[in-house]
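A.B. asks: Requesting a structural model of the entry that follows:
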Amino acid sequence: MTAFRFFGLEVHDHSIWEVDRMMAAIETMRRYGYNALILHENDLLDACTQIGTAANFGVADLRWKKVSNRLAWLKRLVARLDDIDAKLFLEIKEPSYHDYIFDIFPDLIGADGRVDPTSPRWTEFCTLKTEQLLENVPGI
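C.D. replies: Sure thing, here's the model as predicted:
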């Protein structure tokens, strides 16, 4: 229907988690020949990953349940997009983090007690989150 190789619809608000709104968006994509859905949420990787287990397992377990629900939703989106020959893309700004990560990567905090944006461990941390998400939702 379109001459564009990449014809995408970007959604960048909390509606990415709302089934009815996203299914309506995908229907619009189908109707007009879009082949890409781009989800833009700054902390999307944090919302969809759980790195390690924190000292407080109860909190980590609850967090993993929320992450699992979001992963299931992304898998459903990928499957629906496959039906219309479209792909899912994520637009993410990094690094972002939840406080529990400092239990696993304490060296992300500098000698002055503040988050150190120059720590070489950010690359490892961001890579772990990205790999975990791509492993859990292979269609992205």
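A.B. asks: what helix or strand is the nearest residue to Gly139 once chain neighbours are set aside on?
C.D. replies: Here the nearest residue to Gly139 in space, its sequence neighbours aside, is Val78; by CB to CB, 6 or more residues apart in numbering that works out to 3.4 Å. Every C-beta, even on glycine, is put in place using the N, C-alpha and C of the backbone. Element membership of Val78 [criterion: DSSP states H and E] is helix 57-83.
A.B. asks: ok, Val137 touching Val78?
C.D. replies: Yes - using CB atoms under 8 Å, Val137 makes contact with Val78 at a distance of 6.3 Å.
A.B. asks: How many residues are close by the nearest residue to Lys75 once chain neighbours are set aside?
C.D. replies: Nearest residue to Lys75, sequence neighbours excluded (CB to CB, 6+ apart): Val137, at 5.5 Å. Val137: 20 surrounding residues under other CB atoms under 10 Å.
A.B. asks: and the gap between Val137 and Leu9?
C.D. replies: Using CB to CB, to the nearest Å, Val137 is found at 18 Å from Leu9.
A.B. asks: repeat for Leu128
C.D. replies: According to CB to CB, Leu128 and Leu9 sit 29 Å apart.
A.B. asks: Next: Gln132.
C.D. replies: Distance of Gln132 to Leu9, computed by CB to CB: 26 Å.
A.B. asks: which sections of this protein are below the confidence cut-off?
C.D. replies: Scanning the chain for pLDDT under 70 picks out the ranges 1-3, 53-60.
A.B. asks: Which neighbours do Val137 and Val78 have in common?
C.D. replies: Residues touching both Val137 and Val78 by CB atoms under 8 Å, 6 or more residues apart in numbering: Leu88.
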